[in-house]
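Peer 1: Kindly generate the corresponding structure for this input.
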Amino acid sequence: MSLQRSSVIFSLFLFCYCANEIAPSGGKKDEDPPKIVSANPPNLSLNFNSDKIRFKFNEYLENTSFSKTIISPATNPSPKFKVNLNKITVYLPQHLQPNTTYIINFADDVKDINESNILKNFIYVFSTGDHIDSQRVEGNICDAFTREPEENMLVMLYDKDSLNQLFSGKPRYFAFSDKSGNFAVNFLKPGEYALAALKDQNSNFIYDQQSEKIAFSSEPINLVDKAKQEVNLQSFYQKLDMPKIIAVEEIIPGKINIVFNNPIQRFKAEGHIFKNSHVAYFNENNDTLTVWYSKANVKTDIWYYSINDTIQDSVSLKYLASDTPNKEIKYTLKIDKQPFKAVTQLSNSTPEIISPYEQVVIHFSSPVTEIKDDLDIQLKNDSTGRVVSVKATIEAQTRLSAKLTFPLKNSTYKVLIPKGMFKSIHETYNDSTTLFFQTDAKDLYGNLKIRFTQRPFSSVLLELLDNKGIRVSKVYLSNEVETSSILFKNLREGKYTLRIIYDENSNGRWDSGNIFTRTQPEKVNVYKNLPELKGAWEAEFEVGEEKTILRR
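Peer 2: Sure, this is the predicted structure:
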């Protein structure tokens, strides 16, 4: 078997010294973090010469290991911490560096004892000299693809040219992003730094899990010539470089999913299930291959496979085989209101409203290999009583659907599917089925034109999302095509969002970043300020100017 997929496609500084009253027993649940009442020596002390720091809080604290607390610059030995009721004492080493600003960042190690509410981003600053460093890095983090703000990302600063410490050591400075994705790291020493951010799942300050989102600055942060620098970061999931199979999932007897760690271009395999009738297709991301095979009673198999013509291996498999797989195929009538949205299932009793501009599509529970030519699907118009015969066209790749082509009017219809018309890959047939749908009024639909005031230098992928964030349509605009506008036709009235992916390598899809090669994710812009589309109107949105035009 050989398959190929073509490419088209503030840190918050606390100066609060007042205590809150603790809620009486049986009252409202305490959701407030502990508040600092006093610090001795006081925060921001100059010419610091004490060997310990005492903090008092407004409530009792958990006794933690302070494993996430970092002092910068690092001391040898490290400070020691002791919790006693509502007090924390920090014991410092005897010899601190002269004329140096120290920052103790407690991360999320300070918690109340009742509800474990965390005092986030609590820092204490002192200087052994007569001034405190005042450089600052601030900025924002958002998801590279969705452009949604990233909350609680760990923002870390390392010495210049030391970004690889992200994989092995703790940072020199750090802070966390807030709900809006904003962050600030304060009291920094003048210098140049490497900057990265991490969704630290196991709270060890190290990037060691592929499930952790990361972000990084391509250029060093220069705080030599500046007192402040602003940085905007894009978070993403790192893709592993070497493609491989990470799972083979049996969905039902006769259907498996082969899951890869990365999108792949080609997959070839030899095995028992591939020697017989089978249907195989990739998902849109090219990282999952679905295989339907006719011999669903296979219990064991050995595959010999290659990925992208280079990676070669074998795997032994056991299946939950059934001696009597899928005695019948269950059929449902669904309508793709847009080709990339999860389809809406139509009831077989109450008519569902569908667009008058879309084709009716029958979806099957397993691939269809044969249609009986001597049987007809009948379509009945309930307004006129007229019955017509309709031929079905099977979708060639997955063979899981069939299009019914006929003109639609504003009416209620019945679709009558005769018994035994469709034969599945498992050599089973459908029962007779009657399904109902009703077309929507055409004056509830309009057009949306997207126009670029300046032609993009790269190819772009335009995706239109409805008010639930579901993609309703997409268009690929190659940089070889001389056009500056795209028309989305026959959209139901309502609010839409536009996502534009700037396809730098023209492979037809969005590519994530790579921390190892210092490659940033491909640029994505999301526009939520599109005009609300009205029926029988055409709206125009200008990308660049972000200007709206409405006309009938």
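Peer 1: make it CA atoms for all contacts and neighbour counts henceforth
Peer 2: Will do.
Peer 1: I'd like the C-alpha coordinates of stretch 103-117 written as PDB, please.
Peer 2: The C-alpha trace of stretch 103-117 is given here as PDB (Å, rounded to 0.1, in the frame of the first residue of the first chain):
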ATOM      1  CA  ILE A 103      15.600  38.600  43.900                       C
ATOM      2  CA  ILE A 104      13.900  35.800  45.800                       C
ATOM      3  CA  ASN A 105      10.900  34.600  43.700                       C
ATOM      4  CA  PHE A 106       8.700  32.200  45.600                       C
ATOM      5  CA  ALA A 107       6.800  31.000  42.500                       C
ATOM      6  CA  ASP A 108       3.800  29.100  43.900                       C
ATOM      7  CA  ASP A 109       5.500  27.800  47.100                       C
ATOM      8  CA  VAL A 110       3.500  30.100  49.400                       C
ATOM      9  CA  LYS A 111       0.100  28.600  50.100                       C
ATOM     10  CA  ASP A 112      -2.500  28.800  52.900                       C
ATOM     11  CA  ILE A 113      -3.000  25.700  55.000                       C
ATOM     12  CA  ASN A 114      -6.800  25.500  54.600                       C
ATOM     13  CA  GLU A 115      -7.500  25.700  50.900                       C
ATOM     14  CA  SER A 116      -3.900  25.700  49.400                       C
ATOM     15  CA  ASN A 117      -4.600  29.100  47.800                       C
END
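Peer 1: Any buried residues in it, and which?
Peer 2: 103, 104, 105, 106, 107, 108, 109, 110, 111, 112, 116, 117 (16 or more other Cα atoms under 10 Å).
Peer 1: is it possible to export the residues you listed to CSV including pLDDT and distance to residue 388?
Peer 2: Putting the buried residues of stretch 103-117 into CSV (pLDDT from 0 to 100; distance: Cα to Cα, whole Å) gives the following:
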residue, pLDDT, distance to residue 388
103, 96, 80
104, 95, 79
105, 94, 75
106, 94, 74
107, 89, 70
108, 88, 69
109, 93, 72
110, 95, 74
111, 94, 72
112, 93, 73
116, 90, 69
117, 93, 68
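Peer 1: Now for these: which two are most distant?
Peer 2: Greatest spatial distance among those (Cα to Cα): 103 and 116, at 24.1 Å.
Peer 1: Below-threshold pLDDT in this structure: ranges please.
Peer 2: Scanning the chain for pLDDT under 70 picks out the ranges 1-27, 240-241, 320-351, 545-552.
Peer 1: Show me the helices in it, by range?
Peer 2: Ranges of helices in the chain, per DSSP state H, are 272-275.
Peer 1: Which residue ranges of the stretch 251-400 of the chain form strands?
Peer 2: In the stretch 251-400 of the chain, the strands defined using DSSP state E, counting those that start in this stretch lie at 255-260, 266-270, 278-282, 288-293, 300-307, 311-318, 331-335, 344-345, 352-354, 360-364, 368-371, 377-381, 387-390, 392-394.
Peer 1: Return the list of strands paired to the third one, each annotated with direction.
Peer 2: Using DSSP bridges, the strands paired with strand 278-282 are strand 288-293 (antiparallel).
Peer 1: Show me which positions of the partner strand end up buried.
Peer 2: Those would be 288, 289, 290, 291, 292, 293, for strand 288-293 by 16+ other Cα under 10 Å.
Peer 1: I'd like to know how far residue 317 sits from residue 274.
Peer 2: 14 Å (Cα to Cα, to the nearest Å).
Peer 1: For those two, work out which one has more neighbours and name it.
Peer 2: For residue 317 versus residue 274, neighbours defined as other Cα atoms under 10 Å are more numerous around residue 274 (18 against 11).
Peer 1: and that one, how far is that from residue 290?
Peer 2: In terms of Cα to Cα, residue 274 sits 12 Å off from residue 290.
Peer 1: Verify the contact between residue 46 and residue 102 for me.
Peer 2: No. Residue 46 is beyond contact range of residue 102, at 10.6 Å (criterion: Cα atoms under 8 Å).
Peer 1: between those two, who's got more neighbours?
Peer 2: Shown here are residue 46 and residue 102; by other Cα under 10 Å, residue 102 has more neighbours (25 against 19).
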